[in-house]
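Participant: need coordinates for the below:
(one chain, ligands or ions: 2)
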Amino acid sequence: MKETPHRRLAATPVHPAKSPWRNFDRKGPPKRPGAERTGDFNEIYSHFDEEEIKRQASRCIQCGEPRCMEGCPLSNRIPEWLSLAAAGEFLEAAEVSGTTSNFPEICSRICPQERLCEGACVLNMRSEPVAIGAIEQFINDYALAHGAVSAARAPFNGFRVAVVGSGPAGIACADELAKRGYRVTVLEALNRAGGLLVYGIPAFKLEKSIIDRRLEFLRRRGVRFQFGVRVGKDVSLAELSSEFDAVFWGVGAQRPKPARIPGESLAGVHEALPFLIQKNVDNSLGFEPVDVHRKRVVVLGGGDTAMDCLRTAIRAGASEAVCLYRRDLDNMPGSRKEFDNAIEEGARFHFLTNPEEILGCADGQVEGVRCVRMKLGEPDESGRRRPVAVPDSHHTVKADHVLVAYGFDPVAPPPRGDGEMEVNQWGGVVLDENGMTSLPGIFAGGDAFRGPSLVSEAARDGRKAAGGIHRYLFNSPKDPGHESGGFPGDRPPSSTVPPISL
Ligand code: SF4
Ligand code: SF4
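Facilitator: Ligands and ions are numbered 1, 2, ... in the order given. Take a look at the predicted model:
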């Protein structure tokens, strides 16, 4: 019998100590000093060495009911790969990690672990959590560096699937399907794959080469990419549905939420995403350049995009980068890890400060933001305490540029000949338990479904939809290998197609 990491795990007593977390303090991965890293757009973290990885992984007490897995959107098999990492079996650990995640080297870099796996780790009650994210990054980078990540092509199973959008949900869905023999074509409106991973996440958090490497794995698996194709304009949903056996709609949430306050059309007011793109990606997609060198930049919003804007503005030479957020730090949606990084790099935060008007001078250029101080009242429908204005507390924060980072809404999906995808009141696509929309054969996930959310959640949706497509097609009366271009002889009987673990 072939020895798998899981079997070896069961036979290997890796943690003889009763409370291994007492033996070593938690450490975060090495990080460049703030003053150094603001001089470039390179990643700010480096790896532990191998001995430190083993020490950090050995802090895990191997819970019978691991809360860390519950906290992970992908239900990653965290205790298993921690145990293997503690034993120095890094390749085996990465192999286990790759069974539940299509790009663990990416999620481990950008997940807000303090709200997910590490926030749920039981050690928080006694000490500090296991450094799950840093270990996940190490084992997967190690496996990639040692050429130990498979991109094997599966035999064609006779079905073809179109994936619309090449962001995290689309990549996860395409990868899962390709592993099982589907012929997958990814349609991307822009001229580069990666979606939000490339255009929305600055390189100092996730270098572009890491995304390109993962996309190359998909290509080697047989996934095809077509660029510059806008579904609903260049090709209709009906055409896709007739050409492919199923469609995954994973276009993300692309419509920026406006500031909805007076003055937002003044010169010097910009949406967050075009600003991030032109500073972080070679191809600026033709956006008007924004020069913040020696300028005062004010960012509206309290999410990760707001912090990305602050840190990008500092790297672009801004004299000040100030965030205005109407709630307090505890209620801010952005990652605490990224908040700490932004502070280290010189960003400033004005909490409990609500922008009411963007002020301009006579030539129509921004000169400040008029704000009112807030206090927190009763919880609202989201469970967070509702901010309430403090009387007579108006004041002005000076600004040369204002970046609006209030998040994004999904774009309305195009109709198909037989109807439209049902959407909810927020514009998110409504799905059944298999990830299928109200249009048979069209599946969806990621931000198009849930609104702006985490990359690991989008990946989970993509994997779930892949499972839904798999069930839909293998139960469907369609004959794989028919005129849609399949090769009948390549199709394995359905019983030999491996199940998709969700
Ligand atoms: Fe933690 Fe994210 Fe990795 Fe899950 S995917 S283990 S939440 S870093
Ligand atoms: Fe290990 Fe923490 Fe997960 Fe328990 S909850 S298995 S200690 S990582």
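
Participant: any idea how far residue 124 is from residue 21?
Facilitator: 11 Å (CB to CB, to the nearest Å). In this view, the C-beta of every residue, glycine as well, is placed from N, C-alpha and C.

Participant: and those two? Which one has more around it.
Facilitator: Each of residue 124 and residue 21 has its neighbours counted (other CB atoms under 10 Å); residue 21 has more, 22 against 14.

Participant: for that one, which non-adjacent residue is spatially closest?
Facilitator: Nearest residue to residue 21, sequence neighbours excluded (CB to CB, 6 or more residues apart in numbering): residue 59, at 4.1 Å.

Participant: need the pLDDT of that neighbour.
Facilitator: In this prediction, residue 59 carries a pLDDT score of 96.

Participant: and it, what does it touch?
Facilitator: Residues near residue 59 by CB atoms under 8 Å, 6 or more residues apart in numbering: 20-21, 23-24, 26, 123, 130-131.

Participant: restricted to helices, list those residues.
Facilitator: With DSSP state H as the criterion, helices contain none of the contacts of residue 59.

Participant: need these in CSV (columns: pLDDT and distance to ligand 1).
Facilitator: CSV is the format used below for the contacts of residue 59 (pLDDT from 0 to 100; distance: CB to the nearest ligand atom, whole Å):
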residue, pLDDT, distance to ligand 1
20, 74, 19
21, 75, 18
23, 83, 23
24, 88, 20
26, 94, 15
123, 96, 14
130, 97, 10
131, 97, 10
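
Participant: tell me which element the residue of the stretch 351-500 of the chain found nearest ligand 2 is part of?
Facilitator: Proximity of the stretch 351-500 of the chain to ligand 2 (CB to the nearest ligand atom) peaks at residue 456, 16.1 Å away. Assigned by DSSP states H and E, residue 456 belongs to helix 455-474.

Participant: from the chain's centroid, how far away is that helix?
Facilitator: 16 Å (CA atoms, centre = their mean, to the nearest Å).

Participant: does that helix come close to ligand 1?
Facilitator: Yes - using CB under 6 Å from any ligand atom, helix 455-474 reaches ligand 1 at residue 456.

Participant: ok, and which of the contacts of residue 59 reach ligand 2?
Facilitator: 123, 130.

Participant: which one of the contacts of residue 59 is nearest ligand 2?
Facilitator: residue 130 (4.1 Å).

Participant: wait, the closest one sits on residue 81?
Facilitator: No - counting by CB atoms under 8 Å, residue 130 does not reach residue 81; the two are 11.2 Å apart.

Participant: how about the helix holding residue 456: buried residues?
Facilitator: Under the neighbour-count criterion of 16 or more other CB atoms under 10 Å, helix 455-474 has 455-470, 472-474 buried.

Participant: just give me the neighbour total for residue 50.
Facilitator: Count around residue 50 with other CB under 10 Å applied: 13.

Participant: let me know the pLDDT of it.
Facilitator: So residue 50 comes in at 96 (pLDDT).

Participant: what does the stretch 1-150 of the chain put close to ligand 1?
Facilitator: So far as CB under 6 Å from any ligand atom goes, the stretch 1-150 of the chain lies against ligand 1 at 72, 74, 76, 78, 101, 107-108, 111, 113, 116-117, 132-133, 136.

Participant: which pair in these spans the largest distance?
Facilitator: 101 and 113 (13.8 Å; CB to CB).

Participant: neighbour-wise, which of those two wins?
Facilitator: residue 113 (27 against 24).

Participant: show me the contacts for that one.
Facilitator: Residue 113 neighbours (CB under 8 Å, 6+ apart): 119, 132-133, 337.

Participant: which of the contacts of residue 59 lies closest to residue 165?
Facilitator: Among the contacts of residue 59, and counting by CB to CB, the member closest to residue 165 is residue 131, at 32.6 Å.

Participant: wouldn't that closest one be in contact with residue 29 here?
Facilitator: Yes - Residue 131 is within contact range of residue 29, at 7.3 Å (criterion: CB under 8 Å).

Participant: domain assignment for the chain?
Facilitator: Using automatic domain parsing, the domain parsing of the chain gives 20-145, 160-254+410-496, 258-404.

Participant: please name whichever of those domains is nearest to residue 151.
Facilitator: Closest among these, using CB to CB: domain 160-254+410-496, at 3.9 Å.

Participant: what about the closest one, average pLDDT?
Facilitator: On average, domain 160-254+410-496 scores 88.

Participant: show me what contacts residue 276?
Facilitator: 199-200, 202, 305, 308-309, 312.

Participant: now the residues you listed in JSON lines, with distance to residue 388?
Facilitator: JSON lines is the format used below for those (distance: CB to CB, whole Å):
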{"residue": "199", "distance to residue 388": "36"}
{"residue": "200", "distance to residue 388": "32"}
{"residue": "202", "distance to residue 388": "34"}
{"residue": "305", "distance to residue 388": "25"}
{"residue": "308", "distance to residue 388": "29"}
{"residue": "309", "distance to residue 388": "27"}
{"residue": "312", "distance to residue 388": "32"}
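
Participant: farthest-apart pair in those, please.
Facilitator: 199 and 309 (13.6 Å).

Participant: quick one, which of those two is more surrounded?
Facilitator: More neighbours surround residue 309 than the other of residue 199 and residue 309, with 33 against 19 (other CB under 10 Å).

Participant: tell me if residue 369 really is in a helix.
Facilitator: No - assignment of residue 369 by DSSP: H, G, I helix; E, B strand; the rest coil gives strand, placing it outside any helix.

Participant: would you confirm that it contacts residue 396?
Facilitator: Yes - in this structure, residue 369 is within contact of residue 396 by CB under 8 Å, at 6.9 Å.

Participant: residues shared between the contacts of those two?
Facilitator: residue 359.

Participant: show me what from the stretch 351-500 of the chain comes close to ligand 1.
Facilitator: Residues of the stretch 351-500 of the chain lying close to ligand 1 by CB under 6 Å from any ligand atom are residue 456.

Participant: please tell me how far the residue of the stretch 351-500 of the chain found nearest ligand 1 sits from residue 73.
Facilitator: Nearest residue of the stretch 351-500 of the chain to ligand 1: residue 456, at 4.3 Å (CB to the nearest ligand atom). According to CB to CB, residue 456 and residue 73 sit 4 Å apart.

Participant: intersection of neighbour lists for the two?
Facilitator: Common neighbours of residue 456 and residue 73 (CB under 8 Å, 6+ apart) are residue 116.

Participant: burial of residue 236, as a residue count?
Facilitator: Residue 236 has 15 nearby residues by other CB under 10 Å.

Participant: next: the one 3 residues further on.
Facilitator: Under the neighbour criterion other CB under 10 Å, residue 239 is assigned a count of 14.

Participant: would you map the helices across the stretch 1-150 of the chain?
Facilitator: Shown for the stretch 1-150 of the chain, the helices assigned by DSSP state H, counting those that start in this stretch span residues 5-11, 34-37, 50-57, 67-71, 78-86, 90-97, 104-110, 117-120, 132-145.

Participant: quick one: these as a markdown table, columns for distance to residue 388 too.
Facilitator: Output for those, formatted as a markdown table (distance: least, CB to CB, whole Å):
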| stretch | distance to residue 388 |
| --- | --- |
| helix 5-11 | 53 |
| helix 34-37 | 34 |
| helix 50-57 | 44 |
| helix 67-71 | 32 |
| helix 78-86 | 41 |
| helix 90-97 | 45 |
| helix 104-110 | 34 |
| helix 117-120 | 28 |
| helix 132-145 | 36 |
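
Participant: let me know which of the ones you listed is the nearest to residue 319.
Facilitator: Closest among these, using CB to CB: helix 34-37, at 15.4 Å.

Participant: all set now, cheers.
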